[in-house]
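[1] Following is a predicted model, sequence given first.
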Amino acid sequence: MMVTKFDPFAEIKRLEDRLFQAYPVAKDEGTISAFVPTVNTREDDKAYHIEVDLPGVKKEDIHVDVSDGVLTISGERKFKKETKEKDYYKVESSFGKFERSFRLPDDVNEEDIKAETKDGVLEVTLPKVKKEEKKKKIQVK
């Protein structure tokens with residue numbers, strides 16, 4: 001009879017490995033992970049607003065496109081080359097290409113979408129189509 005050593009954490013380790021393969025994040029200290037910007041969305045009476053945190057991303061490295069009712073924000077946060085006199089330093093910032101896509105609501109006026117970046121935040125304003133109130137008189141029979 002063969003004796004097999006039981007490792008209760010083996011399955012957890014396999015799940016962790018699969019998770020880190022599926023999502024580009026830092027698994028170990030000191031590794032550089034892919035840049036995934038955070039997004040806030042809000043709505044007011046006149047427009048939808050998408051705010052994307054893009055610290056360190058230059059205006060010319062940001063692209064906003066609309067196609068077939070989908071808004072796509074893409075770009076690249078470039079790695080800053082540092083030279084230090086010491087033997088080591090730690091990098092916790094993430095760098096790389098990014099892309100986020102959003103299906104637009106039916107009432108967005110695609111022709112008037114505006115994008116502006118200020119203080120490391122990209123704000124995309126999606127104006128709503130003005131709904132004209134149509135009042136129709138219905139004859140009672």
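    Arrived safely.

[2] what about this structure, any weak spots by pLDDT?
    Judged by pLDDT under 70, the chain has its weakly predicted residues at 1-4, 6, 17-33, 80-93, 132-135.

[3] residue boundaries of the strands in it?
    Applying DSSP state E to the chain gives strands spanning 39-43, 47-53, 62-67, 70-77, 96-103, 114-118, 121-127.

[4] With mean neighbour count as new columns, can these be given to me in a markdown table?
    C-beta here means a position set from N, CA and C on the backbone, and glycine is covered the same way. Converted to a markdown table, the strands of the chain look like this (neighbours: other CB atoms under 10 Å):
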| stretch | mean neighbour count |
| --- | --- |
| strand 39-43 | 11 |
| strand 47-53 | 17 |
| strand 62-67 | 14 |
| strand 70-77 | 17 |
| strand 96-103 | 14 |
| strand 114-118 | 12 |
| strand 121-127 | 18 |
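
[5] List just the one of these that sits closest to K5.
    Nearest of the strands of the chain to K5, taken as CB to CB: strand 96-103 at 39.9 Å.

[6] Which secondary structure elements does the closest one sit against?
    Contacts defined by 3 or more CB pairs under 8 Å, 6 or more residues apart in numbering; DSSP states H and E place strand 96-103 against strand 70-77.

[7] ok, how many other residues are close to the nearest residue to D45 once chain neighbours are set aside?
    Using CB to CB, 6 or more residues apart in numbering and skipping residues adjacent in sequence, the residue nearest D45 is K128, 7.9 Å away. K128 has 17 neighbours, counted by other CB atoms under 10 Å.

[8] Correct me if wrong: K128 contacts D107.
    Yes - here K128 reaches D107: they are 4.9 Å apart, a contact under CB atoms under 8 Å.

[9] got the contact list for the closest residue to V57 other than its chain neighbours?
    Spatial nearest neighbour of V57, chain neighbours left out: R77 (4.9 Å); criterion: CB to CB, 6+ apart. Contact partners of R77, counting by CB atoms under 8 Å, 6 or more residues apart in numbering, are F35, L54, G56, V57, D61, S94, F95, G96, F98.

[10] Which of those sits closest to A10?
    Using CB to CB, the contacts of R77 come closest to A10 at S94, 29.5 Å.
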